[in-house]
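# prediction below, plus the sequence it came from.
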Amino acid sequence: MEGIKSPLLYFHENDRKISYVQPRGWTYTGDSSRIKFMPPDVSQTFGEIGQAPLPAPQNFNEATMKLLQDQVIHSLPETAMMRSWSVRKKIHS
């Protein structure tokens with residue numbers, strides 16, 4: 001994509017270097033445990049990624065993935081759940 005500039009952000013976890021390209025025009029702020037992304041011209045909207053230590057190491061097997069998905073889904077506001085349900089219903093119809 002020659003001529004298009006997008007900020008490349010780096011996160012570090014132990015010896016791993018993780019990169020992320022944010023959408024054009026978005027800004028970000030954060031500290032060592034979280035980062036918050038804000039789109040241009042929409043003050044009520046943002047995305048946030050946080051990091052927290054696990055009580056014990058976990059394998060990413062099917063059971064753990066299902067548990068994490070359920071935790072994320074249950075943390076969403078009810079309006080997001082309704083929207084998600086209608087999208088899934090259309091996809092599987």
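Received, thanks.
# am I right that Phe11 is in contact with Gly30?
No. Using CB atoms under 8 Å, Phe11 makes no contact with Gly30, being 9.8 Å away. Quick note: C-beta positions are derived from backbone N, CA and C, even for glycine.
# so how far is stretch 7-18 from its chain's centroid?
Put simply, stretch 7-18 sits 15 Å off its chain's centre (CA atoms, centre = their mean, to the nearest Å).
# pull it out as CSV, backbone CA atoms only.
The C-alpha trace of stretch 7-18 is given here as CSV (Å, rounded to 0.1, in the frame of the first residue of the first chain):
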residue,chain,number,x,y,z
PRO,A,7,0.9,4.2,12.7
LEU,A,8,2.3,0.9,13.8
LEU,A,9,2.0,0.3,17.5
TYR,A,10,4.1,-2.3,19.3
PHE,A,11,3.3,-4.2,22.5
HIS,A,12,5.7,-6.4,24.4
GLU,A,13,5.0,-9.6,26.2
ASN,A,14,8.0,-11.3,27.7
ASP,A,15,10.2,-11.9,24.7
ARG,A,16,7.4,-11.4,22.1
LYS,A,17,6.9,-8.2,20.1
ILE,A,18,3.3,-7.7,19.0
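# tell me the secondary structure for Leu68?
On the three-state scheme (DSSP: H, G, I helix; E, B strand; the rest coil), Leu68 is labelled helix.
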